[in-house]
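Chemist: sequence first, then the predicted structure, then my questions.
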Amino acid sequence: MKIVLVIAGIGLIMGVASCHMEEGVGEPAKDLSEQMDVLAILQETVGQDLEKGDWEGALQMANSMDSVFDVCSRSFERHHRLKEPFRSYYEGKMAAAMSQLRKAIRQKDEILAKDRYAYLVRRCNSCHNENDVAERAHE
């Protein structure tokens with residue numbers, strides 16, 4: 001009898017869980033602020049890797065940043081903190097800066113890479129300024 005009850009209980013839990021999962025289909029798994037937290041960690045790691053001269057690590061983290069930017073661009077057409085879709089901020093502020101940073105890292109040009117990193121941070125913060133976001137990217 002206990003086995004039947006356990007199986008029925010598991011079936012009920014799975015059924016409820018699947019209903020809740022269906023409601024969120026098409027929604028991003030993380031809110032924009034959570035994605036920004038991921039970007040902050042990646043951005044800081046890029047800066048640390050550049051300071052250490054770890055070109056491979058810096059490129060991997062920069063590529064990861066660009067991947068998260070891409071997810072945000074596709075996922076956040078509307079957000080209560082943004083005046084426009086995230087994609088417009090990415091394309092207007094970060095896409096070229098990311099491309100320039102990744103190119104400088106691939107070339108192992110320390111001066112240019114650090115300059116492009118600082119430029120990316122300023123571009124990120126300009127978006128935060130436009131949208132009254134208190135958090136700042138740090139060099």
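Modeler: Now that the structure is in, tell me what you want to look at.
Chemist: what about stretch 102-120, how long is it end to end?
Modeler: With C-alpha to C-alpha, to the nearest Å as the measure, stretch 102-120 spans 11 Å from end to end.
Chemist: buried stuff in that stretch?
Modeler: Under the neighbour-count criterion of 16 or more other C-beta atoms under 10 Å, stretch 102-120 has 102, 104-105, 113-114, 116-117, 120 buried. Where you see a C-beta, it was placed from the backbone N, CA and C, and this is true even at glycine.
Chemist: next one: the residue nearest to E91 when sequence neighbours are not counted relative to S67, how far apart?
Modeler: Spatial nearest neighbour of E91, chain neighbours left out: S73 (7.6 Å); criterion: C-beta to C-beta, 6 or more residues apart in numbering. Counting by C-beta to C-beta, to the nearest Å, the gap from S73 to S67 is 11 Å.
Chemist: counting neighbours, go ahead and name the busier of these two.
Modeler: Using other C-beta atoms under 10 Å as the criterion, S73 and S67 rank with S73 on top: 18 against 12.
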